[in-house]
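[1] Return atomic coordinates for the entry below.
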Amino acid sequence: MTTRRPRGDETGGVDYQFVSEEDFSRKVHNGEFAESVRNFDASYGTPRAPLEAAVCEGRDILLDIDIQGAASIRARYPADSVTIFVMPPSFEELEGRLRKRATESEDKIQNRLRRAVEETRECRRFDYVIVNRDIEESLALLESIVNAERARVSRMPEGLAPWNK
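    Numbers count the residues shown, from 1 in each chain. Model (predicted):
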């Protein structure tokens, strides 16, 4: 959920739930987010109810969140979270991608680049890192991580473990 305006062809309810600052603040006050943060003049948050329903059902959920959000999720769901830091192959490539998107002013692009340098220093706090050089390779690596995590012994339900029979 976010308070920013949709970019390009983003669709409300598909890419994000776009809400007003007032609505977002009310949801924060009511404890409706698993994590929330203010970034680049907009608020972002992960609604708690659908996330907790997915966790209870044992479904995989992919959250596209920043480093503060990842830390919040890990603290709230330590046994159920896996963190993956996705980074560009270079800051020059990141700058090119931001400019190609053509949705932000020069000041905002420079702020994002400064933030990226700071955040990259935090990648060692994550379980995995994906350097997004090529989207197909990055998706294949993500799929490998998900499959490996699904196979963790610690994630196997007690009653289904073959050694419990």
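
[2] Which residue, neighbours along the chain excluded, lies closest to residue 7?
    Excluding the flanking residues, the one nearest residue 7 by Cβ to Cβ, 6 or more residues apart in numbering is residue 103, at 4.7 Å. For glycine as for every other residue, the C-beta is placed from the backbone atoms N, C-alpha and C.

[3] right, and residue 32 touches residue 47 too?
    Yes. Contact between residue 32 and residue 47 holds when scored by Cβ atoms under 8 Å: they sit 6.1 Å apart.

[4] wait, what's in contact with residue 136?
    Residue 136 sits next to no residue when contact means Cβ atoms under 8 Å, 6 or more residues apart in numbering.

[5] what secondary structure does residue 55 sit in?
    Look at residue 55: counting by DSSP: H, G, I helix; E, B strand; the rest coil, its state is helix.

[6] Spatially nearest residue to it, not counting backbone neighbours?
    Counting by Cβ to Cβ, 6+ apart, residue 55 lies nearest to residue 80, which is 5.2 Å off, once chain neighbours are set aside.

[7] now residue 20
    residue 3 (6.7 Å).

[8] And for residue 155?
    residue 149 (7.0 Å).

[9] So for the one helix or strand that neighbour maps to, what gets flagged as buried?
    Taking DSSP states H and E as the definition, residue 149 sits inside helix 135-150. Within helix 135-150, the residues scored as buried using 16 or more other Cβ atoms under 10 Å are 141, 142.

[10] how much space between the residue nearest to residue 20 and residue 11?
    To residue 11, residue 3 is 16 Å away according to Cβ to Cβ, to the nearest Å.
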